[in-house]
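Compute the structure for the input listed below.
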Amino acid sequence: MARLWNERENVSKRIDLRSHLQSRLDQLLRRVGKIEGDLRSTHDRDWQERASELENDEVLEGLDELGRAEVQQLREALRRIDSGSYGICSSCGQAISAGRLAAVPSAVTCVDCAP
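Residues are numbered from 1 along each chain as shown. Take a look at the predicted model:
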């Protein structure tokens, strides 16, 4: 009976984790969409203002790149949750510690195998 409870508990934890990661993904997608919209906006004709806007665009492009990378990592983590491989090190096959997953939910390797 204890084993069945653990399986139910694990399913509940997986559902909670998936919900949390999906919420983070949705938030990131909104942010990335706003950044992309800002990057597509027309620029001022004044050359001084244009120079400032170009500097801002460089910062936005960096944020967009980081956001897109995190979106990809979260999507991959959600796929691993769905397939049942979430929390398993892709290098050695051992469990990834709960502490590492709490710190880096998209981790694919354990601390020992991490680059």
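
so what does the helix or strand where Asp16 lies touch, helix or strand wise?
Per DSSP states H and E, Asp16 falls inside helix 2-40. The contact analysis (3 or more Cβ pairs under 8 Å, 6 or more residues apart in numbering; DSSP states H and E) places helix 2-40 against helix 47-83. Every residue, glycine included, has its C-beta placed from N, CA and C.

how much does the helix holding Asp16 deviate in direction from helix 47-83?
With axes from the mean of the first three to the mean of the last three Cα atoms, to 10 degrees defining the directions, helix 2-40 sits at 160 degrees from helix 47-83.

What residues sit buried inside helix 2-40?
17, 21, 24-25, 28, 32, 35 (16 or more other Cβ atoms under 10 Å).

Which of those sits closest to Cys92?
Nearest to Cys92, judged by Cβ to Cβ, of the buried residues of helix 2-40 is Leu17 at 21.8 Å.

didn't the closest one look like it was pressed against Pro105?
Yes. With contact defined as Cβ atoms under 8 Å, Leu17 reaches Pro105; the gap is 7.4 Å.

Which of the buried residues of helix 2-40 sits closest to Gly93?
Leu17 (20.3 Å).

show me what contacts that closest one?
Residues near Leu17 by Cβ atoms under 8 Å, 6 or more residues apart in numbering: 81, 86, 105.
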